[in-house]
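*Asks:* From the sequence below, what's the structure:
(2 chains)
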2 protein chains.
Amino acid sequence: MQGDRNKILVDSIKRLLRRGAISHLLNIVDKTHAADLSAVFPSLSLSDQHKLFEMIKDTEQKGVLFSELEEDIFLNFVEGMELDEIVEILESMPTDDVADLIGRLPDEMSDTILEKMKKEGSEEVEGLLRYDDDTAGGIMIPDFIALREDTTTKRAIESLQKEHQDVEMPFYLYVVDEYGKLTGVSSLRQLVVVPPETMLKDFMTTDVFSVQTDMDQEEVAKIVARYDILAVPVVDETNRLVGIVTVDDVIDIFRQEATEDMLKMAGVGEEFIETKSVFKSIRTRIPWLFASCIGGIIASFIIGYFQASLSKMAYLAAFIPIIMGMGGNIGIQSSTITVRGLATGRLHIRDIWSVLYKQLAVGCILGIVYGLLIGAVAQIQYNMVMLAISVAIAVSCSMTMAALSGTLVPMVLARINIDPAVASGPFVTTAIDIISVSFYFIIATALLGI
Amino acid sequence: MQGDRNKILVDSIKRLLRRGAISHLLNIVDKTHAADLSAVFPSLSLSDQHKLFEMIKDTEQKGVLFSELEEDIFLNFVEGMELDEIVEILESMPTDDVADLIGRLPDEMSDTILEKMKKEGSEEVEGLLRYDDDTAGGIMIPDFIALREDTTTKRAIESLQKEHQDVEMPFYLYVVDEYGKLTGVSSLRQLVVVPPETMLKDFMTTDVFSVQTDMDQEEVAKIVARYDILAVPVVDETNRLVGIVTVDDVIDIFRQEATEDMLKMAGVGEEFIETKSVFKSIRTRIPWLFASCIGGIIASFIIGYFQASLSKMAYLAAFIPIIMGMGGNIGIQSSTITVRGLATGRLHIRDIWSVLYKQLAVGCILGIVYGLLIGAVAQIQYNMVMLAISVAIAVSCSMTMAALSGTLVPMVLARINIDPAVASGPFVTTAIDIISVSFYFIIATALLGI
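*Replies:* Sure, this is the predicted structure:
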């Protein structure tokens, strides 16, 4: 449905641009959310993008569109723009989004823009740029409402009406002491239900969850999700309130982290590259393919080593694919379960022994089941008991070891603080390929006496 | 950090339970969020779980714990409980969570509980059970604030103070006409900043996003994420407001959908099974392994067919693993990019031709690069030009076709409304194995004249 609506929008806009039907276009642009307009951009030429962009009346909407555009398209687009206009748009945007966009720009451009931006606003942004991108400090916004403990609700409501009009999402009112240290929180709702002269400290919640600026963004996201809160306050090392991370950013973090994990496991980098150029795509994909290539070359030497046996019994080769395939597949199953389990908190490193034990049991049982099955097929195909037994044992061993290493590798990586997704996928598969093939030939030559 | 804290909590609770240090325990339970207590449960025996549970004073906290427990543990736990106590806890919980829990219980138990629950509350829950689990209707909560268009802000604030105390997350005030049809929305914040006698219709936002009860939950989640809203109203086919979906549920949906996609691609079902029994784990994993087994048996017959050639030139077998491996890996890269791209909206089915073209280009270039590399290795290893050429061509073809089918299969599945994640992973890999091996032997026997 979403897709259909987008398609209709793209088609009408393209048609109207071709016809130069400006008043129609103005009408559509006016009624369409900037997030939807951003989806149209990739289908338009650069000059059409600029035409459409100029039709947006509201500077804030232009800002929303900026932050929704994909990196490539955004960079191409702003290249042709006046610096002053860019600055004006950035000034209308939430600070975290500004920091994000400025981080993408070439250095000279971002420096000039930061200089041009209003003194106060720019300091905020520079503040954000100081923190690591993937930490609470890097994703927080400095737009929050903080009031002193002895503020009355009446005064608090007045300050909402007058001073905090620019705060993006005011769900919570944070309460701080005289040093700006976080002491409590109140919801907007509580504010309207208590008598006007009550002081914040008399009804605020004092056990407020907060995170430090250097906490990893994934941890922050987990806390927000775990406690079903709309924003989490970020404090510095002295517990001074410096920003908040809001739930809409948390959604983005989870989606981004899931995408990263999937891409890493398949060996295609961390960022979604498909919308980028063929060349970039190749550059991202080549390294893991090279790892797999080295694995394959090693396997070819191993098989070459058994060439004499193979000449005598060529049918040995027939079972190479199935032994590799069964090992590879059960290995991917185990590593996927482990990587995702660790990411979502369903599995913990501290449970490593019980997890390994279970995976070993699963791998062993499945290995024996499929070993017997494939051994039986080999027996029917070639009617040689020793060949069938070799195949059966090789399948069982390969599957058991694959299930085990598919679990062990990500757990060990996580234990030593390496992202388990990075190396688990291709690394495990390649290792299993080599081990399976060696196993098979060693067992077969021993049993068949060749 | 989260993990460490959990471990410390588990350890202290276990130690205190062993010692029977009730007052210490009561103190810890009192200070710990129920979501954190739920993480302790899997490490405790059933009787210790009950002991700990009885120490929770607040019925609502018991409810939070219920909804955080994993399915297996929850079912085991409630089996030993009085129905009346279960009912009391359920009544304190948000309706969508109740519907979710009741859906997990055995039929007789859920029927009795529904009967016992208060007439009004239960009707709400039964209402929710009527909708499909994965639709807007299934995940919405019926706790929202809806007021008529001519309500003044003063009256609206009063109603917040008196009538809507039980609403879980009141960020938005929905405005309806005399038939209950949705006409607008106002934020709590707007309410406090306009004069008290203003009517809602005079300042409400009229272009309010809403979704229908039968919309798929993933679509709903995408809308909430896209427009950065905290809740989306759910309407029936006549545009009557029947519920809202809140942002905390949206986070859960995204995490769950990402997990599902990863598990499906690896052929391990849809739900996270690792915390379940070895037997369940095996049952979930066996089907896709069987598919891969059939693929392997087919490959063994194909190689068996070329047995005569293999007896003459045993070294042909040495390159089976690398040809399969390179094809398999590039296939997984392409299918992962495509499946995740479709899920996150980075790729669209309508762009199928441009995506296929790009993947074809990437596959072709990478195929040629690695074909030449591996061909060169073959030449060095065996010094036979025709063998080297066969290997090079087989690698190139296998990689090109794998990149293409890794993209085409999920796109076609999505086009005919089958979840692209279900079949893409194991299906693509198995198909590529068979095709690669056939290709290789056909080319090699032709070129080498055997």
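
*Asks:* can you give me the strands in chain A?
*Replies:* A:146-148, A:172-176, A:182-187, A:211-212, A:231-235, A:241-246 (DSSP state E).

*Asks:* so which of those strands gets nearest residue B:261?
*Replies:* Closest to residue B:261 of those, according to C-beta to C-beta: strand A:241-246, at 25.6 Å. For every residue, glycine as well, the C-beta is placed using N, CA and C.

*Asks:* what mean pLDDT does that closest one have?
*Replies:* Per-region confidence: strand A:241-246 scores 89 on mean pLDDT.

*Asks:* now for it, which elements pack on it?
*Replies:* helix A:136-139, strand A:172-176, strand A:231-235 (3 or more C-beta pairs under 8 Å, 6 or more residues apart in numbering or on different chains; DSSP states H and E).

*Asks:* Please list the outside residues in contact with that strand.
*Replies:* In this structure, residues lying in contact with strand A:241-246 by C-beta atoms under 8 Å, 6 or more residues apart in numbering or on different chains are A:136-137, A:139-144, A:146, A:168-169, A:172, A:174, A:176, A:180-182, A:210-211, A:213, A:220, A:224, A:230-236.

*Asks:* Could I get the contacting residues of the nearest residue to residue A:198 once chain neighbours are set aside?
*Replies:* Of all residues not flanking residue A:198 in the chain, residue A:153 sits nearest, at 5.3 Å (C-beta to C-beta, 6 or more residues apart in numbering or on different chains). Residue A:153 is in contact with A:191, A:194-200, counting by C-beta under 8 Å, 6+ apart.

*Asks:* if you set the cut-off to 6 Å instead, what comes out?
*Replies:* Neighbour list for residue A:153: A:191, A:194, A:196, A:198 [criterion: C-beta atoms under 6 Å, 6 or more residues apart in numbering or on different chains].

*Asks:* Which of the residues you listed are buried, as a ChimeraX select command?
*Replies:* To isolate the buried subset of those in ChimeraX, counting by 16 or more other C-beta atoms under 10 Å in any protein chain shown, use the following:
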select /A:191,194,198
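
*Asks:* Save the contacts of residue A:153 as a markdown table, and put in distance to residue B:250 too.
*Replies:* A markdown table is the format used below for these (distance: C-beta to C-beta, whole Å):
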| residue | distance to residue B:250 |
| --- | --- |
| A:191 | 26 |
| A:194 | 30 |
| A:196 | 35 |
| A:198 | 34 |
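
*Asks:* Turn the contacts of residue A:153 into JSON lines, including pLDDT.
*Replies:* Below are the contacts of residue A:153 laid out as JSON lines (pLDDT from 0 to 100):
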{"residue": "A:191", "pLDDT": "78"}
{"residue": "A:194", "pLDDT": "81"}
{"residue": "A:196", "pLDDT": "80"}
{"residue": "A:198", "pLDDT": "88"}
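
*Asks:* Now intersect the contacts of residue A:153 with the helices, please.
*Replies:* Members of the contacts of residue A:153 lying in helices (criterion: DSSP state H): residue A:191.

*Asks:* Tell me the one of the contacts of residue A:153 nearest residue A:320?
*Replies:* Nearest to residue A:320 among the contacts of residue A:153, with distances taken as C-beta to C-beta, is residue A:191, at 70.9 Å.

*Asks:* so how far is residue A:204 from that closest one?
*Replies:* Taking C-beta to C-beta, to the nearest Å as the measure, residue A:191 falls 10 Å from residue A:204.

*Asks:* okay, and for chain A, where does confidence drop off?
*Replies:* In the predicted model, chain A carries pLDDT under 70 at residues A:1-5, A:118-129, A:163-170, A:272-276, A:423-425, A:450.

*Asks:* domain parsing for it?
*Replies:* Here the domain assignment for chain A is A:2-131, A:146-248, A:278-448, based on automatic domain parsing.

*Asks:* Comparing those, which comes out most buried?
*Replies:* Each of these was scored by mean neighbour count; the highest is domain A:278-448, a mean of 21, by mean count of other C-beta atoms under 10 Å in any protein chain shown.

*Asks:* Ends of that domain, what's the gap?
*Replies:* Domain A:278-448 has an end-to-end distance of 50 Å (criterion: C-alpha to C-alpha, to the nearest Å).

*Asks:* One more: stretch A:348-356?
*Replies:* The first-to-last residue distance of stretch A:348-356 comes to 12 Å (C-alpha to C-alpha).

*Asks:* Any idea how far that stretch is from the middle of the chain?
*Replies:* Averaging C-alpha positions (C-alpha atoms, centre = their mean, to the nearest Å) puts stretch A:348-356 24 Å from its chain's average.

*Asks:* Show residues contacting it.
*Replies:* Contacts for stretch A:348-356 (C-beta under 6 Å, 6+ apart): A:407, A:411, A:414-415, B:3, B:7.

*Asks:* Could I get the contacting residues of the closest residue to residue A:414 other than its chain neighbours?
*Replies:* Of all residues not flanking residue A:414 in the chain, residue A:420 sits nearest, at 4.6 Å (C-beta to C-beta, 6+ apart). Residues counted as contacts of residue A:420 (C-beta under 6 Å, 6+ apart) are A:339, A:342, A:410, A:413-414.

*Asks:* try residue A:264
*Replies:* Counted by C-beta under 6 Å, 6+ apart, residue A:264 has contacts A:421-422.

*Asks:* Also residue A:67?
*Replies:* Applying C-beta under 6 Å, 6+ apart to residue A:67 gives the contacts residue A:97.

*Asks:* Return the residues of the stretch 51-200 of chain A in contact with chain B.
*Replies:* A:157, A:160-161, A:170, A:188-189, A:192-193 (C-beta under 6 Å from any C-beta of the partner chain).

*Asks:* Which ones among those residues map onto helices?
*Replies:* A:157, A:160-161, A:188-189, A:192-193.

*Asks:* Kindly reformat those residues as JSON lines containing distance to residue A:363.
*Replies:* Listed next are those as JSON lines, based on distance: C-beta to C-beta, whole Å:
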{"residue": "A:157", "distance to residue A:363": "63"}
{"residue": "A:160", "distance to residue A:363": "60"}
{"residue": "A:161", "distance to residue A:363": "64"}
{"residue": "A:188", "distance to residue A:363": "54"}
{"residue": "A:189", "distance to residue A:363": "53"}
{"residue": "A:192", "distance to residue A:363": "59"}
{"residue": "A:193", "distance to residue A:363": "58"}
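
*Asks:* From these, pick the one nearest residue B:249.
*Replies:* Nearest to residue B:249 among these, counting by C-beta to C-beta, is residue A:189 at 19.4 Å.

*Asks:* quick one: that closest one from residue A:261, how far?
*Replies:* From residue A:189 to residue A:261 the distance is 37 Å (C-beta to C-beta).

*Asks:* Check residue A:19 too.
*Replies:* Residue A:19 is 46 Å from residue A:261, by C-beta to C-beta.

*Asks:* before we move on, what about residue A:110?
*Replies:* From residue A:110 to residue A:261 the distance is 30 Å (C-beta to C-beta).
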